[in-house]
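>>> my questions are about this predicted structure, shown below with the sequence.
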Amino acid sequence: MPIYKSMQIYKLRIKNKGQAALIAVVFMLAITLSAVFGIIALAFKEIRVAGENNKAKNSYFTAEAGIEDAIYRFKSGMAVGGSYTLTLNNSSADITVNAISGSERNIISVGDSSGSNRSVSVDLVTSTTGANFYYGVQVGDGGLEMGNNAVVTGNVYSNGNITGENGATITGSATVAGGINVAPSIEALTTDSNYAFATASSNRDIAQSFTANVSDRINKVSVYLAKVGNPSGSITLKIATDNAGSPSTGNLASTAIPSSSIGVTPAWVDVAFSSPPNLTSGTKYWIVLDYGSNSATNYWTWGRDSTDSYTGNTGKYTSNCCSGSPSWTNVGGDLAFQVWIGGVNTKIEGMVIGNASSGEGRANLFVNSTIHGSVCPNSYCFMENPPREELPLPDGVIEDWRDDAASGGTCVPPTCDASGNFTLSNGSSISLGPIKITGNLTLSNNSTLTVNGTIYVMGTISFSNGCIIRLSSAYGPLSGIIIGDDSVSVSNNCSFLGSGSPESYIMLLTDKNDPPNTVMSVSNNSDGVIYYASKGFIDFSNNATAKEATAYGIDLANNASITYESGLANVNFAAGPSGGWDIKSWQEIIP
């Protein structure tokens, strides 16, 4: 082949190789650019996803913060409206509170972070408050007066006299405690602080000294207590002698104070002893509160006077009051208390108690009474000095119930009028609670009130003419409460119904403080409720009936009756103190 031909072929081959290399480079560049753009797109996508995830996390944390804020408000006893908004770090939570029943709240918090929404739902239930109604009638120092043919089906325990007219009958047994003087024998009432105890093992037990001013038996003790959080178990109150300026390890008498008898609000808690000890005038004694555990968050307080104004006496605390050789430390003042020593004679007069085969009476004195089928004296008429039994609901618990009602808000127009009064009549019906009514509550003429939560009325309460008051079925086996600060009137065939469960009742309570006078009147076939008036008289008349009645004093007029139900021995009310809310469920939900 000629040389020039070979050179042409060679040059052509070189040219082709250059083109192939260029194509390969372009191809590789395209692949590289595609990979780079793919990576960039993926990176932007990941950044976008990360941003969305971050917003989702922020919205979730904001929703959680909203839930925690609402729970804090409930546990702190703060007012919680139906809905409100919480703003946090440029995110917001819309919180909605729904009353499922008197004892349950549902809280939904929707967190919003730059348009990303997540929701959390929590159900809260109240820690129930128990009360023991062991008698058909339990009466304070005002005593029980029964008219012609009035009947109590059940037992009666009274701290004052029981007297009756013709045919007045108690079908079970009757006990009248030895009476006490109107005023305490000794007291230290001043408080400028609340002294905490049982917060640590070093201060589980606490005591206050007093000096007896008369020689007689101690009938009643009152101490000014509150609880923080939700401590469990009972406090044992003891009366101890003095041992070189501190309580001795033994005791003259003791009694239990259940945790349910002490509220979050400081209040006087009354106790009596099954075997009251005799004290000697001029001798120092100690009121000792013995508690078996401690907690930094669930503990007790006792009202204190830091000026230590009760001369010659003081308060102390220790780790273990009642065994070994305890070391006592001053609390820096006196602890508030009242003590009643001695008293007056009490009696059962003009009564029929039991029948030929049952019934017994216990009192200082019996006058014209028939017990166990025979006129006293007989072997069933026990002339003795029975101990007092204090009424089962201390002021602190009642104040906590007020707070529970107020947590649901205050009644305003159009539900209540401009003066805060609520009126329902002419067959109308409504559901209420928890709620605070600043005026009066009036139901009449076949109207129906369904109670969804505790109702607190600052004014008077009047139920009349065929009205019906019932608990929501959501209460289940629990009982509900209507509280009034003023007088209460129930008349003309009004009915009270529980939730439908046989263990469920309504308690109608007035806290009006007027001991010599009537604060609640019940008449004309009204029935089906627990009536409670610890600071005044309840009058029953014209065939009025009740499940149970507890009051400072009771007047049961002609033909009125009270029929006790055994389930009342352990009633649980669906209303708890501030801090008494428990978490039933906590979960994320779809917005």
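Cool, the structure landed.
>>> touching stretch 538-547 from outside, list them.
Contact with stretch 538-547 is made by 150, 490, 505, 518-531, 549, 551, 553-565, 568, as judged by C-beta atoms under 8 Å, 6 or more residues apart in numbering. Just so you know, the C-beta spots here come from the backbone N, C-alpha and C atoms, and that holds for glycine as well.
>>> pull out the buried members of those residues.
Among these, those classed as buried by 16 or more other C-beta atoms under 10 Å are 150, 490, 505, 518-523, 526-531, 549, 551, 553-562, 564-565, 568.
>>> so which of the residues you listed are in strands?
Secondary structure defined by DSSP state E assigns 490, 518-523, 530-531, 549, 551, 553-556, 561-562 of the buried ones among the contacts of stretch 538-547 to strands.
>>> from residue 453, how far out is the residue nearest to residue 435 when sequence neighbours are not counted?
Leaving out its chain neighbours, the residue that sits closest to residue 435 by C-beta to C-beta, 6 or more residues apart in numbering is residue 408, at 4.9 Å. Relative to residue 453, residue 408 is positioned 6 Å away (criterion: C-beta to C-beta, to the nearest Å).
>>> are there residues contacting both of the two? Which ones?
Between them, residue 408 and residue 453 share these contacting residues under C-beta under 8 Å, 6+ apart: 99, 433-435.
>>> among these, which one has the most neighbours?
Neighbour count (other C-beta atoms under 10 Å) singles out residue 434 as the most crowded of those, with 28 neighbours.
>>> wait, it sits on residue 480?
No: the pair formed by residue 434 and residue 480 falls short of the contact definition of C-beta atoms under 8 Å, at 9.9 Å.
>>> now do the helices in the stretch 101-250 of the chain.
Counting by DSSP state H, counting those that start in this stretch, the stretch 101-250 of the chain has no helices at all.
>>> which stretches of the stretch 1-150 of the chain have low pLDDT?
Applying pLDDT under 70 to the stretch 1-150 of the chain flags residues 1-22, 25, 38, 41, 43-53, 75-79, 101-103, 126-132.
>>> can you do 90?
For the stretch 1-150 of the chain, applying pLDDT under 90 flags the ranges 1-84, 86-91, 93, 97-105, 111-117, 122-137.
>>> and the stretch 151-300 of the chain, by the same measure?
153-154, 178-182, 219, 230, 232-233, 258-261, 272-276, 292.
>>> and the nearest residue to residue 309 once chain neighbours are set aside, backbone torsions?
Of all residues not flanking residue 309 in the chain, residue 190 sits nearest, at 6.1 Å (C-beta to C-beta, 6+ apart). Dihedral angles of residue 190 (phi, psi; degrees, to the nearest 10) stand at phi -70, psi 130.
>>> against residue 340, how distant is residue 190?
19 Å.
>>> check residue 397 too.
22 Å.
>>> remind me which residues of the stretch 351-500 of the chain are low pLDDT?
For the stretch 351-500 of the chain, applying pLDDT under 90 flags the ranges 384-394, 396-397, 400, 403-404, 407-408, 472-479, 492-493, 499-500.
>>> tell me where it has helices.
Under DSSP H, counting those that start in this stretch, the stretch 351-500 of the chain gives helices at 395-406.
>>> domain-wise, how is this protein divided?
3-127+580-589, 130-142+389-573, 160-179+346-388, 186-341 (automatic domain parsing).
>>> out of these, which is closest to residue 154?
Nearest to residue 154 among the domains of the chain is domain 130-142+389-573 (2.8 Å), distances taken as C-beta to C-beta.
>>> wait, is residue 507 part of a strand?
Yes: per DSSP: H, G, I helix; E, B strand; the rest coil, residue 507 lies within a strand segment.
>>> what's the neighbour count on it?
By other C-beta under 10 Å, the residues close to residue 507 number 25.
>>> and residue 364, by the same measure?
Quick note: residue 364 (other C-beta under 10 Å) scores 19 neighbours.
>>> what sits against it?
Residue 364 is in contact with 176, 178-179, 345-347, 383-385, counting by C-beta under 8 Å, 6+ apart.
>>> swap the cut-off to 6 Å and go again
345-346 (C-beta atoms under 6 Å, 6 or more residues apart in numbering).
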